[in-house]
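>>> Show me the folded form of this:
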Amino acid sequence: MDIPGLSMALAQTKVQSDVSVAMLSKALDFGEAIGDGMAELIDAAAMERSVTPYIGGTIDVSL
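Presented below is the predicted three-dimensional model:
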């Protein structure tokens, strides 16, 4: 049995797993930041509608 080779393979697998977990964590953080940004945009749009409720409420499509 090749103990040094097995040890190196296990170490490499652990490093790859750690990198995968770190990248997933970053992706989740990014998704959360995007969601927070979207919520802020929606809140800003709601505030605009409350100040000027007549703007953007209807669309005239008659020709």
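>>> what residue ranges in this structure score low on pLDDT?
Residue ranges of the chain with pLDDT under 70: 1, 49-53, 55-57.
>>> hmm, try it at 80
1, 44-60, 62-63 (pLDDT under 80).
>>> mind listing the strands for it?
When assigned using DSSP state E, the chain turns out to have no strands.
>>> Check the gap between Val61 and Ala45 for me.
Counting by CB to CB, to the nearest Å, the separation of Val61 from Ala45 is 22 Å. For glycine as for every other residue, the C-beta is placed from the backbone atoms N, C-alpha and C.
>>> roughly how far apart are the spatially most central residue of the chain and Val15?
For the chain, the residue nearest the mean C-alpha position is Gly31 (1.1 Å; CA atoms, centre = their mean). Counting by CB to CB, the gap from Gly31 to Val15 is 25 Å.
>>> cool, and Ala22?
Ala22 is 11 Å from Val15, where distance means CB to CB.
>>> Neighbour count for Val61 and Ala45, which is higher?
With neighbours defined as other CB atoms under 10 Å, Val61 and Ala45 compare such that Ala45 has more, 11 against 5.
>>> The protein: helices as residue ranges?
Remark: helices assigned in the chain by DSSP state H are 3-51.
>>> And for Leu24, the neighbour number?
By other CB under 10 Å, 10 other residues sit near Leu24.
>>> That should have said Val19, apologies.
Counted with other CB under 10 Å, the neighbours of Val19 add up to 10.
>>> again, but for Ala39
10.
>>> Next: the one 3 residues further on.
Burial measure for Ile42: 10 neighbouring residues, criterion other CB under 10 Å.
>>> Cheers, nothing more for now.
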